[in-house]
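A.B. asks: 3D, please:
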Amino acid sequence: MQPVQKISKSRKRKRRSHQALSPVHIVKCAQCGSAKLPHAACDNCGFVNPDLALKMPETADA
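C.D. replies: Next comes the predicted model:
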């Protein structure tokens, strides 16, 4: 069965305008220089920015 009305190119493209893929943001590792995702540990060397580490309070042994 054929469609009753032809869908124009502009109408079809407007409908698909939100389906575009966005590029993945990649940064260099500060320690080894390999590509990694930002705010994540490096897959190659496991480096994480030491300034972002959590400082745990010291527990007093009684």
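A.B. asks: Helices of the protein, start to end?
C.D. replies: For the chain, applying DSSP state H gives helices covering 9-15.
A.B. asks: for it, which spans come out with low pLDDT?
C.D. replies: With pLDDT under 70 as the threshold, the chain has low-confidence stretches at 52-55, 61-62.
A.B. asks: Let me see the ranges of the strands in it.
C.D. replies: 27-28, 35-36 (DSSP state E).
A.B. asks: Please identify the most buried of those strands.
C.D. replies: Highest mean neighbour count among those (mean count of other CB atoms under 10 Å): strand 35-36, with a mean of 16. For every residue, glycine as well, the C-beta is placed using N, CA and C.
A.B. asks: which outside residues touch it?
C.D. replies: By CB atoms under 8 Å, 6 or more residues apart in numbering, the surrounding residues in contact with strand 35-36 are 26-29, 42-44.
A.B. asks: Go again with 10 Å.
C.D. replies: Identification of contacts with strand 35-36 by CB atoms under 10 Å, 6 or more residues apart in numbering yields 24, 26-30, 42-45, 47.
A.B. asks: about what we covered before: is it possible to get CSV of the strands of the chain that adds distance to Met1?
C.D. replies: CSV is the format used below for the strands of the chain (distance: least, CB to CB, whole Å):
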stretch, distance to Met1
strand 27-28, 52
strand 35-36, 50
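A.B. asks: And the ones you listed: which comes nearest Asp51?
C.D. replies: For Asp51, the closest of those is strand 27-28, at 15.7 Å, according to CB to CB.
A.B. asks: are any of the contacts of strand 35-36 buried, and which?
C.D. replies: Using 16 or more other CB atoms under 10 Å as the burial test, those include 29, 42 as buried.
A.B. asks: so which of the contacts of strand 35-36 comes closest to Arg15?
C.D. replies: For these, the closest approach to Arg15 (CB to CB) belongs to Val24, at 25.3 Å.
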